[in-house]
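Engineer: Take this sequence and fold it.
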Amino acid sequence: MRYIQSALLLSIMMIMTACSGGNASSKVSDLNHPPTHMSDTELLEQNSTDREKSQKQLPQSVTLDYTAAKEAEVHVKQIKTDPSAEKLRLHENIIVYARESEGTALFLGQLQEDTIHELGEIGEEHYLPEISAAKDQVFGEEMNIVSGLCGANCMVNYIFSNTDDHMKMPIVVYGGLFITDLGEDGNHEVVTSSGTIAEKVIYKMVDGQIMSVQVNKALGITDSVGFDPETGTFEVYIENEKVQYQYIGEDQLVQVE
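Structural biologist: As a prediction, the model looks like this:
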């Protein structure tokens with residue numbers, strides 16, 4: 001009887017052991033592969049390492065190679081005025097008008113007696129309420145800045161100095177517009193932002209000529225470049241890390257540590 005009880009007890013223990021075997025091996029496996037945990041210090045060090053890797057993918061500094069801004073040149077046309085064509089008068093002699101042969105397109109020009117010195121197209125007639133005009137210090141003197149919409153995601157900006165008998169240094173640039181003193185020398189430059197992948201272009205006056213440089217190209221990247229007008233810094237995101245560049249002195253961009 002005792003033998004039967006002992007055998008029965010032994011059988012029960014073997015069954016229990018067999019049933020719990022899977023869990024036991026699971027626990028052993030868990031012990032062999034404990035969950036990964038990093039201390040706050042290790043996380044900070046890892047973040048610092050990731051940032052250093054990101055920064056190494058970009059130049060520490062670049063010298064900006066400005067070239068003549070041919071793309072911004074405006075070829076002024078002279079056309080006869082049609083009083084009924086005027087849609088908006090921005091200043092005493094700066095007007096927005098239509099041309100019958102051009103459908104709903106609107107144009108910007110300087111009125112001189114019976115002649116208009118035409119700068120170019122400023123948008124479609126349904127965008128007339130969006131046209132704005134302002135004056136600001138640009139390229140070392142007070143300039144007129146007239147902006148309009150050339151499409152749902154397109155902005156056109158004309159920058160020129162206006163006198164009674166002529167326009168000086170007219171240029172046209174596209175995209176969002178920033179007027180800022182990048183070099184902190186008292187001369188304000190123009191920074192534009194355009195395109196799905198935000199391209200930043202700087203325009204400045206050099207020896208009486210408008211020059212430009214594309215920041216994305218200068219940094220050797222095809223990604224978007226941001227610009228903070230408050231700090232005057234250009235921003236690039238590499239592997240979710242923000243790298244900033246400051247405009248320094250003689251046309252250089254230098255990484256901000």
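
Engineer: And the contacts of the host helix or strand of Gly148?
Structural biologist: Secondary structure assigned from DSSP states H and E places Gly148 in strand 141-151. Residues outside strand 141-151 that contact it (Cβ atoms under 8 Å, 6 or more residues apart in numbering): 90-91, 94, 96, 106, 108, 121-124, 127, 130-138, 155-162, 169, 174, 177, 179. All C-beta spots, glycine's among them, are computed from the backbone N, C-alpha and C.

Engineer: try 6 Å
Structural biologist: 108, 122-123, 127, 130-136, 156-162 (Cβ atoms under 6 Å, 6 or more residues apart in numbering).

Engineer: are any of these buried, and which?
Structural biologist: 108, 122-123, 127, 131, 133, 156-162 (16 or more other Cβ atoms under 10 Å).

Engineer: In these, find the pair that's most separated.
Structural biologist: The distance between the two most remote of these (Cβ to Cβ) is 25.2 Å, for Tyr127 and Ser161.

Engineer: Please enumerate the strands of the stretch 1-150 of the chain.
Structural biologist: Assigned by DSSP state E, counting those that start in this stretch, the strands in the stretch 1-150 of the chain fall at 61-63, 67-68, 77-80, 86-89, 94-98, 105-112, 115-124, 132-138, 141-151.

Engineer: residues near Ile202, how many?
Structural biologist: 25 (other Cβ atoms under 10 Å).

Engineer: Actually, Thr196.
Structural biologist: Residues within reach of Thr196, counting by other Cβ under 10 Å, total 7.

Engineer: Need the pLDDT of it.
Structural biologist: At Thr196, the pLDDT value in this model is 85.

Engineer: so where's this structure shaky on pLDDT?
Structural biologist: 1-56, 164-165 (pLDDT under 70).
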